[in-house]
Structure formats: structure tokens, C-alpha cells
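A structural model of the following input is requested.
(2 chains)
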Amino acid sequence: DGGITQSPKYLFRKEGQNVTLSCEQNLNHDAMYWYRQDPGQGLRLIYYSQIVNDFQKGDIAEGYSVSREKKESFPLTVTSAQKNPTAFYLCASTRRQAGYGYTFGSGTRLTVV
Amino acid sequence: ELKVEQNPLFLSMQEGKNYTIYCNYSTTSDRLYWYRQDPGKSLESLFVLLSNGAVKQEGRLMASLDTKARLSTLHITAAVHDLSATYFCAGGYSGGGADGLTFGKGTHLIIQP
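Predicted coordinates for the structure are as follows:
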């Protein structure tokens, strides 16, 4: 079955650490996205990538970094510069054509300890 | 910049009743999505609305889009407890960009027996 796999499901970060969240899709989708969700809030776009080796900042990119070396993979690194990283992180993908739906992964819950 | 506003943000209703969730957006958006999220879970796609006057129905849920009024609605008919969840609308742009979606804050829906 095709889909998006995010790992780990839960992640704990100490102050000053960088951590990387994994996102892998086998849907052959061109575009991939990272969203952050805080309790009681909607999703906010962190970064997105429409093609391999290219990505753009979303609305809240500060303190995060990404790479897109393969079509299937779009890892997100939460750096120590992100002062409030505790949140639920969702990865999504879609084809670059009008009306095509977005598929979301199951999410990673990151907590700072 | 696209802004998406949902109301109400919280809704408690009884089984068997009808209700509507409203989604207003600020600028031209030719794609409007509705998602469902259960607590601690990812997003489940409900509807994709592409054109003015589009109406889609699935079970007790019906979504519509009025691009002139920049308004989408999600109507719940004869609510049942299983429909309790948070519902998000999200707008975006078609074409080759696939620049990601802008989400509303979500409507937390509780349906009581």
C-alpha cells in the first residue's frame, strides 16, 4: 500500500540538541511539505519542496532545516535555534496538478525535556 | 497572502441535530479542502472543492463552495456521536506550483447522545 511514513512517532529533545524527523513516501508524489500543529491550533507550513534538490521556506521556517536529496524523502531537522519546538509535526505530499489531494503522514510528536 | 477563518471554533451539539461549519477565506483560492482530525491522529481527507458552486456529499457530511463569497460550508445532517472530531478547512492555489495549503484553526465538534 502506498502512503507516507513518519518516524519516530514520539521524540524527546534536550535543550540545545538538534533532532531530525523522518518523512518517506512511496506515492511517487512530486511535492512534499512539513507542517507544525500546536494544541488547539491549525497547521502552519514550515518548509515545502516541489522537486528534488529544491525547497522553499513556509510561514514559520526559522529554527528548522530540510533537505530533498531523493523524491521519496524529505527529512526535517529541528535545530537548537528553534526556541519552542514542542509540537505535533505532520508531513504531507501531493502531485503537482490541479485538484489533487494531499496525503498526510501519521505525525511525530516532539517534546522538549 | 491567503488567510482562512473558520467558525465556530468549538461546537457542542446533540445527536440527531443539523449544523453548519463556516470557512471564509481572504483572497482568491481555487481549491478548498476539508479534513477531519481525531485526537492525537493525523488528518483524514474529506472533500476537495475546485469550482464555484461545487457540492460534495459523503454520508451525513456535505460540503459546498461559493468562490464569489469566498465561503465554504460543511453541513452535518442528523449528527451521530462518531462524527465528533476536529474539522479543518484549508485553501490553496492550483497550477503547477503546489505551494501548500493554508489552514483554518479548526472546529472542535462534540456530539452528545
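
how near is B:K56 to B:I111?
Going from B:K56 to B:I111 by Cβ to Cβ, to the nearest Å gives 21 Å. The C-beta positions use only the backbone N, C-alpha and C, and glycine is treated the same way.

neighbour count for those two, which is higher?
More crowded of B:K56 and B:I111, by other Cβ atoms under 10 Å in any protein chain shown: B:I111, with 20 against 15.

how much space between the more buried one and A:S65?
From B:I111 over to A:S65 (counting by Cβ to Cβ), the distance is 42 Å.

same deal with A:F104?
Distance of A:F104 to A:S65, given as Cβ to Cβ: 21 Å.

check A:P8 too.
Using Cβ to Cβ, A:P8 is found at 18 Å from A:S65.

give the residue from these two that has the larger number of neighbours.
Counting neighbours by other Cβ under 10 Å for A:P8 and for A:S65 shows that A:S65 has the greater number, 17 against 12.

and the more buried one, which of the three is it?
With DSSP: H, G, I helix; E, B strand; the rest coil as the basis, A:S65 sits in strand.

so what pLDDT did the closest residue to it other than its chain neighbours get?
In space, and not counting its chain neighbours, A:S65 is closest to A:T77: 4.7 Å by Cβ to Cβ, 6 or more residues apart in numbering or on different chains. The model reports A:T77 with a pLDDT of 97.

bridged to A:T77, which residues?
A:T20, A:S65 (DSSP bridges).

that one reaches A:Q17, doesn't it?
No - taking contacts as Cβ atoms under 8 Å, A:T77 lies outside contact range of A:Q17: 10.7 Å.

where does the chain dip in pLDDT?
By default, I'm working from chain A. For chain A, the stretches with pLDDT under 70 are A:1, A:98-99.

actually chain B
Using pLDDT under 70, chain B drops low at B:30, B:93-98.

all strands of it, in order?
B:4-7, B:10-14, B:19-25, B:31-37, B:43-49, B:55-58, B:61-66, B:71-76, B:85-92, B:102-103, B:107-112 (DSSP state E).

can you redo those as JSON lines with distance to chain A?
Shown next, in JSON lines, are these (distance: least, Cβ to the nearest Cβ, whole Å):
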{"stretch": "strand B:4-7", "distance to chain A": "8"}
{"stretch": "strand B:10-14", "distance to chain A": "9"}
{"stretch": "strand B:19-25", "distance to chain A": "11"}
{"stretch": "strand B:31-37", "distance to chain A": "7"}
{"stretch": "strand B:43-49", "distance to chain A": "5"}
{"stretch": "strand B:55-58", "distance to chain A": "12"}
{"stretch": "strand B:61-66", "distance to chain A": "12"}
{"stretch": "strand B:71-76", "distance to chain A": "15"}
{"stretch": "strand B:85-92", "distance to chain A": "6"}
{"stretch": "strand B:102-103", "distance to chain A": "4"}
{"stretch": "strand B:107-112", "distance to chain A": "8"}
